[in-house]
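Q: next one to model:
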Amino acid sequence: MARLEVNVDHIATLRQARLIDEPDPVTAAALAELAGADGIIVHLREDRRHIQDRDLLLLRQTVKTRLNLEMAATAEMLAISIEVKPDMVTLVPEKRQELTTEGGLEVAGNQAYLTEYISQLKESGLYVSLFVDPRPDQIQAARQAGADCVELHTGAYAEARTEIEADRLFEELLTAARQAQALGLKVKAGHGLNYRNIKRFQGLEEFAEYSIGHSIIARAVLVGMEWAVREMVELVK
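A: Okay, here's the model as predicted:
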């Protein structure tokens, strides 16, 4: 049965818009777990635009399922992850001016650096995932760099303008997932998934987990956090 991890970054985005103490992503995470989420995701960015260090520390103390820390492969984030010890680390690309993550991590072109970086994470007992585009070279490089898991970037599929294009891009994801599985990697999918486009994935054994944030938070604004998460849990499982 597939698992759902809920990203609560955009609860923090709303809080930071006023630089006050509400809404609290820690509270949102607890509600998501009560509604059936299998894990909580936060992206601690270099510029701290949404999630703050305080959030990460409190979530480490309160999350009952699994805490997945998304982060750039920097020295600062290496030190933080080793100290906080989330259940899982997902390495993602990061640009200061982007609204959200724009693509997968360039693993093939940075394999030596990432191999050493991942080695340090794993020496501290951390489970490591890489957020990558559904390309054979990136998946192969992720395996060679020592990753335990890949999260396939579903952004292009999510932004498809036609059903024909969506079908083609979905087949690319499915092929990539099968390649990753054959290499012994666990496979997740995430970025831009919502209550409509997730339906193509239903019943597929190739994808073990889904990482979904913005769509759930957007619906939660209208129907409440627990209801929004429960709806997505039903679609995923």
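
Q: drop to CA atoms for contacts and neighbour counts, all remaining ones
A: Will do.

Q: so the residue nearest to Arg135 when sequence neighbours are not counted is in which element?
A: Once flanking residues are discounted, Arg135 sits nearest to Ala176: 6.5 Å by Cα to Cα, 6 or more residues apart in numbering. Here Ala176, judged by DSSP states H and E, is contained in helix 163-182.

Q: again, but for Val26
A: helix 25-34.

Q: before we move on, back to that, my read: the residue nearest to Arg135 touches Pro134, true?
A: Yes - counting by Cα atoms under 8 Å, Pro134 is a contact partner of Ala176 at 5.3 Å.

Q: how about low-confidence regions in this structure?
A: 95-102 (pLDDT under 70).

Q: quick one: the residue at minimal distance from the centre of it from Val6, how far?
A: Centroid-nearest residue in the chain: Ser211, 4.7 Å away (criterion: Cα atoms, centre = their mean). Distance of Ser211 to Val6, given as Cα to Cα, to the nearest Å: 6 Å.

Q: pull up the overlap in contacts between those two.
A: Taking Cα atoms under 8 Å, 6 or more residues apart in numbering as the contact rule, Ser211 and Val6 both touch Ile41.

Q: and the residue nearest to the centre of the chain, its phi and psi?
A: phi -110, psi 110 (degrees, to the nearest 10).

Q: wait, it touches Gly192, no?
A: No - with contact defined as Cα under 8 Å, Ser211 does not reach Gly192; the gap is 9.4 Å.

Q: for the residue nearest to Arg135, grab the count of nearby residues.
A: 21 (other Cα atoms under 10 Å).

Q: Leu126 too?
A: For Leu126, the neighbour count with other Cα under 10 Å is 19.

Q: contacting residues for it?
A: Counted by Cα under 8 Å, 6+ apart, Leu126 has contacts Ile82, Lys85, Pro86, Asp87, Met88, Val89.

Q: where's the residue of the chain positioned farthest from its centre relative to Gly103, distance?
A: In the chain, Ile164 marks the outermost C-alpha relative to the chain mean, sitting 26.4 Å out by Cα atoms, centre = their mean. According to Cα to Cα, Ile164 and Gly103 sit 22 Å apart.

Q: what does Leu114 give?
A: 17 Å.

Q: give me the more crowded residue out of those two.
A: More crowded of Leu114 and Gly103, by other Cα under 10 Å: Leu114, with 23 against 18.
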